[in-house]
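Colleague: Model the following, please.
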Amino acid sequence: MSTNGTHATNGHATNGTEYSLKPGLANSLPITSIIAQWVSTTTTASLNSSMRNKLSDLLLDMVGISAAAAQSSASTPAIVAAITSLSPPGSGSCTVLTKGSTYPAHIAALLNATFGHSLDFDDTHAASTLHPGVCAIWAAVAQAELSSNTDVDRFLLAVSVGYEITCRLGTELGYSAYSRGFHNTSTAGVFGAVAAIAVLKGLPAPTIEMAFGLAGSRAAGSMQYLDNGSHNKRLHPGFACHDAFVCVALAEQGVVGATRIFEGKMGFLNAYSPNQEKDLSRIIKDLGEEWVFVETSLKPFPACRMTHGGIEMADKLANKRRQKGITSNADLVKDVKSIEVRLRTANMSLVGDRTENKVHPKAEVDAQFSAYFQVAHAYLWGSQQGVKAYGRLGDQDVSALCDKIKCVVDDEDPGLLGMGSRIIVDYEDGSREDTTITEPLGEPSHPFERSAVELKFKGCMEPVYGPKTSQEVLKMVDGISKGQGSVTELMKLLA
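Modeller: Numbering: from 1, shown residues only. All right, here's what the predicted structure looks like:
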């Protein structure tokens, strides 16, 4: 089969050339070239109704959580001060949320993407264990503003392509990339950001391939942030977006990037993940026909996705005890003998290790990655507290309940695959509760309905922009998803 120079489909290359699709990295499948060709030729005809509906939710969610972080995240003032000391506002035409519309594109993308990741409230893609939207959306928004008259369907396509590249690369990296110390969100995200920018600029395939090659030297994000709950993590997608603009600009001027950056012996997939099950053909299988990013889920809680099942279950279990007349937090703690949280090995290392900064976190990032804190807080305060949870890091009752929680590895229970988790609570009266959530709220099988999306959006937006502007933004995002309106006009509301 050949594709006569059109999109790559069914795992076959473009330009009329066929390639054998052998599994593993030992084959010569030139996926970097294939992906670059697809990015350069894909069209807005690909945007179907299900994609538009999904994009409406994803865009609305990202705007809301980024706005909330721009105003309320503890790390925002220092990060903004540092970046603007190097690149003061006034030298560009792009918007930084709540900070104005006079920033260069790469700086606007850096700051907005950092905001988008700061609360750990941004969308997730389970198969690739990363946050795909934060790089794809904010890179595309900055480029759309830079172009000023960007067609909104072209913008939606750019966002879709950015998501798709990020998700497909991340899936092949696998969770094991984290064991090598890399954060998939930014290592794969820089390529998604490059792709989104390239779509809006209408770049040819050779230039895109060079931009990818250059981005291979900027793919970064160290998981060492877990050691002290550092702000590195929040900056990862910001750095990725910034560097994507730099790499595209370099490629446009003829700077030579590495070839075969994805599949090469020392390329991205080999260098960044020990996963032995990589298959180049999977990355491009049905590319342009099947959009895997539509499986992206929205987060109901501002914490690591691996804690979400525990949060949901803890809230429900505590409500059952309240119905028995145990109402105060102090009494709820006394009522519990022990809580066992079961996780698979892969999730345990991120949220369940019994270290002091996880059992009794003092920093927001540590708490976001603590099954102990998240379960204890949800048990005592409920699951709908949002970012207010992090104002209770020193809460005595939460701390006391954390001491009664034990996280254990369980790789045998099929219900714990992916983001699944199980909680076993033993009470002082001798009773026991044992419950499992195989997929947390927001996954396709356990969906986050549109009403919940809008409720989350308003909860994030209204404290920053007020009800009137928040409603205008909601309507404008909905219009953009239908091919109406303007990204520039949207960003004017958010300046």
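Colleague: and the residue nearest to Ala376 when sequence neighbours are not counted, what does it touch?
Modeller: Excluding the flanking residues, the one nearest Ala376 by C-beta to C-beta, 6 or more residues apart in numbering is Leu401, at 3.9 Å. Using the backbone N, CA and C atoms, a C-beta is placed for each residue, glycine as well. Residues in contact with Leu401 (C-beta atoms under 8 Å, 6 or more residues apart in numbering) are Leu332, Val333, Val336, Ile339, Ala376, Tyr379, Leu380.
Colleague: Help me confirm that the last one is found in a helix?
Modeller: Meaning Leu380. Yes: secondary structure assignment places Leu380 in a helix (DSSP: H, G, I helix; E, B strand; the rest coil).
Colleague: tally of neighbours for it?
Modeller: Counted by other C-beta atoms under 10 Å, the residues lying close to Leu380 total 22.
Colleague: Scan this protein for its longest helix.
Modeller: helix 450-481 (DSSP state H).
Colleague: any idea how far Glu454 lies from Asp57?
Modeller: Here Glu454 is placed at a distance of 9 Å from Asp57 (C-beta to C-beta, to the nearest Å).
Colleague: ugh, wrong one, I meant Gly238
Modeller: Gly238 is 23 Å from Asp57, by C-beta to C-beta.
Colleague: Could you do Asp331 as well?
Modeller: Asp331 is 40 Å from Asp57, by C-beta to C-beta.
Colleague: Likewise for Ser486?
Modeller: Applying C-beta to C-beta to Ser486 and Asp57 gives a distance of 20 Å.
Colleague: who's more crowded, these two?
Modeller: Ranked by neighbour count (other C-beta under 10 Å), Ser486 and Asp57 place Asp57 first, with 22 against 19.
Colleague: Enumerate every residue touching the closest residue to the more buried one other than its chain neighbours.
Modeller: Using C-beta to C-beta, 6+ apart and skipping residues adjacent in sequence, the residue nearest Asp57 is Val453, 5.0 Å away. Going by C-beta under 8 Å, 6+ apart, Val453 touches Asp57, Leu60, Asp61, Leu298.
Colleague: Let me see the ranges of the helices in the stretch 1-150 of the chain.
Modeller: 31-41, 49-72, 76-86, 105-118, 133-147 (DSSP state H, counting those that start in this stretch).
Colleague: wait, which of those helices is closest to Gly352?
Modeller: Of all the helices of the stretch 1-150 of the chain, it is helix 105-118 that lies closest to Gly352, at 21.9 Å by C-beta to C-beta.
Colleague: just checking, what packs against that closest one?
Modeller: Packing contacts for helix 105-118, counted by 3 or more C-beta pairs under 8 Å, 6 or more residues apart in numbering; DSSP states H and E, involve helix 49-72, helix 76-86, strand 94-96, helix 133-147, helix 232-252.
Colleague: so which of these comes closest to Ile480?
Modeller: helix 49-72 (7.0 Å).
Colleague: Now do that closest one: distance to the chain's middle.
Modeller: 12 Å (C-alpha atoms, centre = their mean, to the nearest Å).
Colleague: One more: stretch 77-96?
Modeller: 23 Å.
Colleague: The closest residue to Asn149 other than its chain neighbours in helix, strand or coil?
Modeller: Spatial nearest neighbour of Asn149, chain neighbours left out: Thr488 (7.9 Å); criterion: C-beta to C-beta, 6+ apart. Following three-state DSSP, the label given to Thr488 is helix.
Colleague: Touching the helix or strand hosting Leu317 from outside, list them.
Modeller: If you go by DSSP states H and E, Leu317 is part of helix 308-322. Residues outside helix 308-322 that contact it (C-beta under 8 Å, 6+ apart) are 299-301, 303, 332, 335, 339, 341, 371, 374-376, 378-380, 382-383, 419-421, 423, 425, 427, 433, 435-437, 439-442.
Colleague: cool, and stretch 410-428?
Modeller: So stretch 410-428 is in contact with 126, 305-310, 313-314, 317, 321, 334-345, 347, 371, 375, 432-440, 443, going by C-beta under 8 Å, 6+ apart.
Colleague: Please spell out which residues along it are buried.
Modeller: Asp410, Leu416, Gly418, Met419, Gly420, Ser421, Arg422, Ile423, Ile424, Val425, Asp426, Tyr427 (16 or more other C-beta atoms under 10 Å).
Colleague: Now render these as CSV, adding distance to Leu203, pLDDT and secondary structure.
Modeller: As requested, the buried residues of stretch 410-428 are exported to CSV (distance: C-beta to C-beta, whole Å; pLDDT from 0 to 100; DSSP: H, G, I helix; E, B strand; the rest coil):
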residue, distance to Leu203, pLDDT, secondary structure
Asp410, 48, 92, coil
Leu416, 43, 78, helix
Gly418, 36, 78, coil
Met419, 36, 83, coil
Gly420, 41, 86, coil
Ser421, 43, 91, strand
Arg422, 48, 95, strand
Ile423, 49, 97, strand
Ile424, 54, 98, strand
Val425, 55, 98, strand
Asp426, 60, 98, strand
Tyr427, 62, 98, strand
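Colleague: Which pair in those residues has the greatest spatial separation?
Modeller: It's Gly418 and Tyr427 that sit farthest apart of the buried residues of stretch 410-428, by C-beta to C-beta, at 29.1 Å.
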